[in-house]
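Colleague: Need the 3D shape of this:
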Amino acid sequence: MIGRLNHIAIAVPDLTAAAAKYRDLLGAHVGQPQALPEHGVTVVFIDTGNSKVELLEPLGEASPIAAFLDKNPSGGMHHICFEVPDILVAAARLVEVGARVLGDGTPRIGAHGKPVLFLHPKDFDGTLIELEEV
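Modeller: Numbering: from 1, shown residues only. From the prediction side, this is the model:
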C-alpha cells in the first residue's frame, strides 16, 4: 500500500537556526519557510535528492508542535511521511484492520498541496505516520 518515503519531519524550536545548519553545515538545498495555519506550523523542506527532511516550528500557542517541544525542548523527529496512491482507500483499509486515523478521518491539505492523514503512533511502534496522496 505505501509507496516512496516522502519525508521525515523534525520539530525544531528555531526554524531559522535549524535551516541554517542544514544549509551551512551539510550543504543542503533549503526551501523557503511556509506557514500552514490550518496545521499550526511553519515548515521548511530540505531536498535530499531521493526524499526530503521537513523542519517544523510551532505557529501559535495551540500548535501540536508546541506540545511536542514542551516534552522535547531541543526538538526531535516528529513523524515520517509515506506516499499512497489513494488516501481514502488507504485510510479505509487501515481502519478495517484496526489502525487509528487521527482527527475525524477526513484528509486535510498538507504542505505539498495534497491530501494527508495521520495515523496514531501507538499503532506504529511509537512513530507518528503521515500518509500523503500522490
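Colleague: and residue 78, what does it touch?
Modeller: If you count contacts by Cβ atoms under 8 Å, 6 or more residues apart in numbering, residue 78 has them with 9-11, 56, 65, 68, 128. Any C-beta I mention is one placed from the backbone N, CA and C, and that applies to glycine too.
Colleague: quick one, strands of this protein?
Modeller: Secondary structure of the chain (DSSP state E): strands located at 5-11, 29-30, 34-36, 41-47, 52-58, 76-84, 108-109, 115-119, 128-133.
Colleague: Is it possible to get CSV of those that adds mean pLDDT and distance to residue 94?
Modeller: Shown next, in CSV, are these (pLDDT from 0 to 100; distance: least, Cβ to Cβ, whole Å):
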stretch, mean pLDDT, distance to residue 94
strand 5-11, 98, 17
strand 29-30, 97, 33
strand 34-36, 97, 24
strand 41-47, 97, 24
strand 52-58, 98, 22
strand 76-84, 98, 10
strand 108-109, 96, 16
strand 115-119, 98, 7
strand 128-133, 98, 8
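Colleague: which of those sits most buried?
Modeller: Stretch with highest mean neighbour count among these: strand 52-58 (a mean of 23; mean count of other Cβ atoms under 10 Å).
Colleague: Parallel or antiparallel, which strands does it pair with?
Modeller: Using DSSP bridges, the strands paired with strand 52-58 are strand 5-11 (parallel), strand 41-47 (antiparallel).
Colleague: right, and those - which one's nearest residue 22?
Modeller: For the strands paired with strand 52-58, proximity to residue 22 was assessed by Cβ to Cβ; strand 41-47 is nearest, at 4.9 Å.
Colleague: Pull the residues that contact that closest one.
Modeller: Residues from elsewhere that reach strand 41-47 (Cβ under 8 Å, 6+ apart): 7, 15, 18-19, 22, 28-36, 52-59, 63-65, 111.
Colleague: cool, stretch 7-22 as well?
Modeller: Defining contact as Cβ under 8 Å, 6+ apart, one finds that stretch 7-22 is touched by 28, 30, 33, 42, 44-46, 51-57, 65, 68-69, 72-81, 130.
Colleague: Now do the top helix by length along the chain: distance to the chain's middle.
Modeller: Of all the elements of type helix in the chain, the one with the most residues (DSSP state H) is helix 87-96. Relative to the centre of its chain, helix 87-96 is centred 19 Å away, using Cα atoms, centre = their mean, to the nearest Å.
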